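> Pasted the sequence and its predicted model underneath.
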Amino acid sequence: MGSGSSRQNRAGNGLFGEGDTDPQFTPDMLQALAVQGQQQYNQRPARPAPIEHNRTTVRNHFALNKPSLKLVKAKDSDGHYRVTFEFANTQPCSVCIYFCAAEDLDSGGRPLDYAAKIALGKTAFSEGSSAQSYSTELPENKPVDFNTLDFSSDKTYDLVISLNSMSQDSNGRSLSSQTTYAKLSKVGGGSLEYKAQVTKQKIVVEGHENAYDVQEIFGIASNADEEDNECVVCMSEPRNTTVLPCRHMCLCHECAESLRKQTNRCPICRETVQSLLRINVDGSVEAEDQKSTSTS
Ligand SMILES: [Zn+2]
Ligand SMILES: [Zn+2]
């Protein structure tokens, strides 16, 4: 620790302001924050390390509510399930679902196509910023017979759900999307019940060459006026700084500045801090590109 080696800035390290346990969706939770560079965390108390801000804030129009994703056994049939989930969208979108899907990506990590054993979709939804419900019970879809699926290949994703904008480029590709990947597993030992566990989410944003991985920030308040939005150190200022890599949003800017000179442990979980990320959670940002570099 404390080698002072510079952390490589990495495109595609997105952060998504979604509560880790709160299943309620609000429009400002749709704001995704994609970080192309992070403030260097100072591990040497005596002399501040160079501070580098290089932040991109992007707006994500689609968000699948991860805890809501369920496999519901269809009535009176062996091996047949329906996929249900809730999502929020601030633009009209289509929903596509793929089982046992191999993904074809472009050089920026954006999905081009899926080769899937079973593909369900596309179901069109109009704009609706609060939670919408999806179920394969919708007219054009049928329940999936799990007896026909082979989940053994590690080159495929068990379940891929893609929310795509209706606006497309000249190649017919959606300009923006959110894709959710889930692992399916049997519930219990000899049971034939399945459950879906989300493993990652990815967004494609209009005008961006790279896809971004979506990460949760723990402790972000869905409502900025909430009392529990206080910095855990001074208990007065609103928290706006997230500790990385553990992603605990627990500090105000000032306390983060003084903490980085005193300790290298997260105040919540005591994990070693690698960097601090300041996020403005006012929901007012539509699409912002910020680049500034300052050195001591
Ligand atoms: Zn504070
Ligand atoms: Zn932490």
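On my side now, so go ahead. Ligands and ions are numbered 1, 2, ... in the order given.
> ok, which stretches of the stretch 51-200 of the chain are strands?
With DSSP state E, counting those that start in this stretch as the criterion, the stretch 51-200 of the chain has strands at 51-59, 62-73, 80-89, 93-105, 111-125, 128-135, 144-145, 157-165, 177-186, 194-204.
> and the third one with strand 111-125, angle?
Relative orientation of strand 80-89 versus strand 111-125 (axes from the mean of the first three to the mean of the last three Cα atoms, to 10 degrees): 90 degrees.
> for this protein, what are the low-confidence residue spans?
1-58, 76-77, 121, 128-131, 136-141, 188-192, 221-227, 280-296 (pLDDT under 70).
> and it, which residues reach ligand 2?
Residues of the chain lying close to ligand 2 (Cβ under 5 Å from the ion) are 246, 248, 266, 268, 269, 271. C-betas here are computed from N, CA, C, even on glycine.
> how near is the fourth one to ligand 1?
For residue 268, the distance to ligand 1 equals 13 Å [Cβ to the ion, to the nearest Å].
> For residue 175, see how far away the spatially closest residue to that residue that is not a sequence neighbour is.
In space, and not counting its chain neighbours, residue 268 is closest to residue 248: 4.3 Å by Cβ to Cβ, 6 or more residues apart in numbering. The gap separating residue 248 from residue 175 is 33 Å, by Cβ to Cβ, to the nearest Å.
> Isn't the residue nearest to residue 268 up against residue 216?
No: between residue 248 and residue 216 there is no contact under Cβ atoms under 8 Å: 10.7 Å.
> more neighbours, those two?
Higher neighbour count among residue 248 and residue 216: residue 248, with 22 against 17, using other Cβ atoms under 10 Å.
> Bridge partners for that one, pull those for me.
Beta-bridge partners recorded for residue 248 (DSSP bridges): residue 218, residue 243.
> what separates it from residue 187, distance-wise?
31 Å.
> Kindly report the same for residue 275.
Where residue 187 is concerned, residue 275 sits at a distance of 39 Å (Cβ to Cβ).
> next one: residue 75
The gap separating residue 75 from residue 187 is 18 Å, by Cβ to Cβ.
> Please convert the strands of the stretch 51-200 of the chain to JSON lines, extending it with distance to residue 256 and mean neighbour count.
Shown next, in JSON lines, are the strands of the stretch 51-200 of the chain (distance: least, Cβ to Cβ, whole Å; neighbours: other Cβ atoms under 10 Å):
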{"stretch": "strand 51-59", "distance to residue 256": "11", "mean neighbour count": "18"}
{"stretch": "strand 62-73", "distance to residue 256": "27", "mean neighbour count": "19"}
{"stretch": "strand 80-89", "distance to residue 256": "30", "mean neighbour count": "21"}
{"stretch": "strand 93-105", "distance to residue 256": "36", "mean neighbour count": "20"}
{"stretch": "strand 111-125", "distance to residue 256": "36", "mean neighbour count": "16"}
{"stretch": "strand 128-135", "distance to residue 256": "31", "mean neighbour count": "16"}
{"stretch": "strand 144-145", "distance to residue 256": "47", "mean neighbour count": "18"}
{"stretch": "strand 157-165", "distance to residue 256": "34", "mean neighbour count": "24"}
{"stretch": "strand 177-186", "distance to residue 256": "29", "mean neighbour count": "20"}
{"stretch": "strand 194-204", "distance to residue 256": "26", "mean neighbour count": "19"}
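> Could you point out which of those sits nearest residue 239?
Closest approach to residue 239 among these (Cβ to Cβ): strand 51-59, 17.3 Å.
> Quick check: nearest residue in space to residue 123, chain neighbours excluded?
Nearest to residue 123 is residue 95, by Cβ to Cβ, 6+ apart, at 4.8 Å.
> pretty sure the one you found contacts residue 134?
Yes: between residue 95 and residue 134 there is a contact under Cβ under 8 Å: 5.7 Å.
> Can you check which residues contact both of those two?
Both residue 95 and residue 134 are in contact with 87, 123, 125, where contact means Cβ atoms under 8 Å, 6 or more residues apart in numbering.
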